[in-house]
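*Asks:* What follows is a predicted structure for the sequence shown.
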Amino acid sequence: MRDKSEIEQCLDWGLHLSTRTIMLTGEVDEDLADQTIKCLHILDSINNTPITIILNSEGGDNYHGMAIYDAIRRCKSFVKILGTGYVMSMGSVIMQAGDRRIMSPHSKMMIHYGEWGMDDHPKIAKQWINEEDRFSKTMEDIYLAKIKEVHSRYTRNKLQKLLNFDTILTASEAQELGLIDEVQ
């Protein structure tokens, strides 16, 4: 029997050991990234049986989101991501890291370039604009790779038009586009 404090800590982190399930919910920030990466590490180090992530996120910080994305991609275990409620902004990018991507019927996905606030000196702002462009290309590459698995002739230009504004997709529309595998 595990120590009660260990079990309580796992539950606080959104980790259910017996079902190998991680609850990835809320705004993507440093705390959520830290918690999710720890949970993935714990489950992946125990054995290689599948991991389920239940994702309900309105998005958030790009860098912490990419840390979660990279941690999922590094897992030796098969990772299934089940999107419920919100799968928006950075949450939709994280969704692309799953080996199997599922959304519940009434959940919504939103894709866009995101927001970068800059109140700095023009020379500093220029550096952040360059970083935003670099990040936007990375995000486009992630989405485009998944879309092209379903629509081999889909163009970057067509994707960029979707990302210019908040494009809200039903679960069925996300599946049709290729950003998820199944509606369940």
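*Replies:* Cool, the structure landed. Residues are numbered from 1 along each chain as shown.
*Asks:* ok so Asp44 is a helix residue?
*Replies:* Yes. Using DSSP: H, G, I helix; E, B strand; the rest coil, the assignment for Asp44 is a helix.
*Asks:* Would you check how far apart it and Tyr86 are?
*Replies:* Distance, Asp44 to Tyr86, by CB to CB, to the nearest Å: 26 Å. Where you see a C-beta, it was placed from the backbone N, CA and C, and this is true even at glycine.
*Asks:* So which residues of the chain form helices?
*Replies:* With DSSP state H as the definition, the chain shows helices at residue ranges 4-12, 30-46, 62-74, 90-95, 122-150, 156-163, 171-177.
*Asks:* any idea which of these is most buried?
*Replies:* Mean neighbour count (mean count of other CB atoms under 10 Å) peaks for helix 90-95 among these, with a mean of 27.
*Asks:* hmm, who's touching that helix?
*Replies:* Identification of contacts with helix 90-95 by CB atoms under 8 Å, 6 or more residues apart in numbering yields 24, 28, 55-62, 65-66, 68-69, 72, 81, 83, 87, 101, 109-111, 114, 139, 142-143, 179-180.
*Asks:* again with stretch 170-182
*Replies:* 83, 87, 92, 95-96, 100-109, 111, 143, 146-151, 154, 169, 183.
*Asks:* now swap in stretch 97-106 and tell me
*Replies:* Residues outside stretch 97-106 that contact it (CB under 8 Å, 6+ apart) are 53, 68-70, 72-73, 78-85, 87, 95, 109, 171-172, 174-175, 179-184.
*Asks:* one more time with 6 Å
*Replies:* With contacts defined as CB atoms under 6 Å, 6 or more residues apart in numbering, stretch 97-106 is touched by 69, 72-73, 78-84, 95, 171, 180-184.
*Asks:* what does stretch 18-36 give?
*Replies:* Counting by CB under 6 Å, 6+ apart, 13-15, 39, 43, 51-57, 60-61, 64-65, 67-68, 90 sit against stretch 18-36.
*Asks:* do that again at 7 Å, thanks
*Replies:* Contacts to stretch 18-36, defined as CB atoms under 7 Å, 6 or more residues apart in numbering, come from residues 13-15, 39-40, 43, 49-61, 64-65, 67-68, 71, 90-91.
*Asks:* same question, stretch 156-163
*Replies:* 111-113, 140, 143-144, 147.
*Asks:* Next, format these as TSV and append pLDDT and distance to Asp133.
*Replies:* Formatted as TSV, the contacts of stretch 156-163 follow (pLDDT from 0 to 100; distance: CB to CB, whole Å):
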residue	pLDDT	distance to Asp133
Ile111	97	17
His112	95	15
Tyr113	90	10
Glu140	96	11
Tyr143	97	16
Leu144	97	16
Ile147	97	21
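*Asks:* so which of the residues you listed would you say is closest to Gln127?
*Replies:* When the contacts of stretch 156-163 are ranked by distance to Gln127 (CB to CB), Tyr113 comes first, at 17.8 Å.
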